[in-house]
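**Student:** Next come a sequence and a model predicted from it.
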Amino acid sequence: MVARQRAVHPAKKTPAAALRAWLGDWQRLITARDHYVGDLRTKGREARFVEPAYKGIDPIADKMNDWILEQGTRTQTCNTDALQAEVVNGPRRYETAT
């Protein structure tokens, strides 16, 4: 997903910077999930998912979703809840994209 979206190049500087940052955040979340999978294989039940933090404090998904809220409802399917990326302990619940 991230690699395909990196092929998008907005014409204006501000949207381009926002897209690069947003995709960078997604990549950090994906990398954290990959580490969790590796830990599950080696540590079993002791494995813990550690969500990356923004400025070392707020979960990265919160930062990403704040940006989505600022954009309005036209980008709601970009919300991290839509992909359930941070859900690792239990079933994911997907909503229909509109």
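**Tutor:** Good, I have the coordinates.

**Student:** Please count neighbours and contacts with C-alpha atoms only from this point.
**Tutor:** Fine.

**Student:** Compute the mean per-residue pLDDT across stretch 32-48, please.
**Tutor:** Computed over stretch 32-48, the mean pLDDT rounds to 93.

**Student:** Centre of the chain to that stretch, how far?
**Tutor:** On the basis of CA atoms, centre = their mean, to the nearest Å, stretch 32-48 is displaced by 18 Å from the centre of the chain it belongs to.

**Student:** Who are the packing partners of the helix or strand containing T14?
**Tutor:** In the assignment (DSSP states H and E), T14 maps to helix 13-43. On a contact count with 3 or more CA pairs under 8 Å, 6 or more residues apart in numbering; DSSP states H and E, helix 13-43 meets helix 2-5, helix 60-71.

**Student:** What residues of that helix count as buried?
**Tutor:** Of the residues in helix 13-43, those scored as buried under the neighbour-count criterion (16 or more other CA atoms under 10 Å) are 19-20, 22-23, 25-26, 28-30, 32-33, 35-37, 39.

**Student:** And stretch 55-68, by the same measure?
**Tutor:** Taking 16+ other CA under 10 Å as the criterion, stretch 55-68 shows P59, I60, A61, M64, N65, W67, I68 as buried.

**Student:** Now render those as TSV, adding pLDDT.
**Tutor:** Written out in TSV, the entries for the buried residues of stretch 55-68 read as follows (pLDDT from 0 to 100):
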residue	pLDDT
P59	86
I60	84
A61	83
M64	79
N65	78
W67	70
I68	69
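
**Student:** which two of these lie the greatest distance from each other?
**Tutor:** P59 and I68 (14.9 Å; CA to CA).

**Student:** Taking helix 60-71 as reference, get the angle to the helix holding T14.
**Tutor:** Computed by axes from the mean of the first three to the mean of the last three CA atoms, to 10 degrees, the angle separating helix 13-43 from helix 60-71 equals 150 degrees.

**Student:** which secondary structure elements does the very next helix or strand once past helix 13-43 contact?
**Tutor:** Later in the chain than helix 13-43, the nearest helix or strand by DSSP H and E is strand 53-54. Using 3+ CA pairs under 8 Å, 6+ apart as the contact definition, the elements that strand 53-54 packs against are helix 60-71.
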